[in-house]
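Peer 1: fold the stuff below for me.
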Amino acid sequence: PIQNGNRTDRNFDLFAKALTVYVQTYGHADVPQKFCVPSDDEAWPRECAGMPLGSRVAQIRSKGHYVNGNHPRAKRRKAILDALGFRW
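Peer 2: Predicted coordinates for the structure are as follows:
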C-alpha cells in the first residue's frame, strides 16, 4: 500500500503493485527486460500504465535499487519482493 513516505517509497509501492499483477497473470516474477505495463488492459493498475517493469526488475537485480542497505524500509521492500517469488 502507498504510504505517506518519500518518493522512493511511493515508487516502490507502485512497482510492487505492478509486479503483483504480473505474478498473478504469468505465475512468476521473471519479468522480461523489455516488458512495460500495458495501458489498455484493465487488469493492470491505471497508475502503473507504461511502467518499464522489466527494466525496474533488472535494476533491482543488478544494482539493488530499492533494497540496498540495512534501513528498515529496504528490509521491508526485500521481504515484499521475496514474498512475490522475486529471483535475486
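Peer 1: helix or strand for the closest residue to residue 87 other than its chain neighbours, which one?
Peer 2: Spatial nearest neighbour of residue 87, excluding adjacent residues (CB to CB, 6 or more residues apart in numbering): residue 30 at 6.2 Å. To be clear about C-beta, it is placed using only N, CA and C from the backbone, and glycine gets the same treatment. Under the criterion DSSP states H and E, no helix or strand holds residue 30.
Peer 1: residue 30 - how many residues pack around it?
Peer 2: By the measure other CB atoms under 10 Å, the count of residues near residue 30 is 13.
Peer 1: touching, it and residue 88? I think so.
Peer 2: No - between residue 30 and residue 88 there is no contact under CB atoms under 8 Å: 11.6 Å.
Peer 1: could you check the pLDDT of the residue nearest to residue 87?
Peer 2: Note for residue 30: predicted pLDDT of 96.
Peer 1: in the top helix by length along the chain, what's buried?
Peer 2: Ranked by number of residues, the top helix in the chain under DSSP state H is helix 7-26. Residues of helix 7-26 classed as buried under the neighbour-count rule (16 or more other CB atoms under 10 Å) are 9, 12-19, 21-23.
Peer 1: closest one of those to residue 39?
Peer 2: residue 18 (11.9 Å; CB to CB).
Peer 1: and the closest one, what does it touch?
Peer 2: Counting by CB atoms under 8 Å, 6 or more residues apart in numbering, residue 18 touches 37, 44-45, 48, 51, 53.
Peer 1: recalculate using a threshold of 6 Å.
Peer 2: Listed by CB atoms under 6 Å, 6 or more residues apart in numbering, the contact set of residue 18 reads 37, 48, 51, 53.
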